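Asks: I'll drop the sequence and a predicted model, then ask my questions.
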Amino acid sequence: MDIIEILKDDYQRFPVNQTYEIYAPNVYFKDPVNEFRGIKRYQEMITFMGTWFKEIKMDLHDIHQKENIIYTQWTLHWTTPVPWQPRISIPGRSELTLDDNHLIVSHVDYWNCSRWDVVKQHLSS
C-alpha cells in the first residue's frame, strides 16, 4: 500500500491502530510541546493521548508529497477530561521526511495557533 494511503487511514482512525512500521526506529519528532527521537517514544506519546484525552478526532484537510517530503494539513480535536469538558481544536500541519527506504525519519508538526491559544480554549469553555 502507498504511504500516502496508509497515512490517510492513520489520520482517520487516530490515535487507534496507527501504522508504526512506516517510521524509522530512530524517528525524530517535534511539535510545540515535544521533541524527541525514537519510535518507542512516539508510540508512548500517541498512547498517552489516546488514554488521557476523550473523543479525539483528526481531520485531514490535505496531504501531498514533493520528492522525499510529505506535507499534511489537519485539525486535531479532543475533549479534555476536566469537569467542564472543554472541546479543544488545534489546526496545524506536518512535514514528514522519508529516507531512501521510504520510512519516515522526521515528523515535525506546526500549529496554526500558539500554545497559549490552546490553554485559553481550556479556560473559555
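Replies: That came through, no problem.

Asks: where does residue 125 land on pLDDT?
Replies: Per-residue pLDDT puts residue 125 at 54.

Asks: can you list contacts of the helix or strand hosting residue 45?
Replies: With elements taken from DSSP states H and E, the one containing residue 45 is helix 39-52. Applying CB atoms under 8 Å, 6 or more residues apart in numbering, the contact partners of helix 39-52 are 14-16, 18, 20, 23-27, 29, 34, 36, 56, 78, 81, 107. Glycine gets a C-beta too; all of them are placed from N, C-alpha and C.

Asks: For the spatially most central residue of the chain, give me its contacts.
Replies: With distances taken as CA atoms, centre = their mean, residue 109 lies nearest the centre of the chain, 7.0 Å away. Counting by CB under 8 Å, 6+ apart, residue 109 makes contact with 30-32, 92-94.

Asks: okay, those residues in TSV with neighbour count and distance to residue 71 next?
Replies: What follows is the contacts of residue 109, written out as TSV (neighbours: other CB atoms under 10 Å; distance: CB to CB, whole Å):
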residue	neighbour count	distance to residue 71
30	15	15
31	15	15
32	14	18
92	16	12
93	15	7
94	19	7
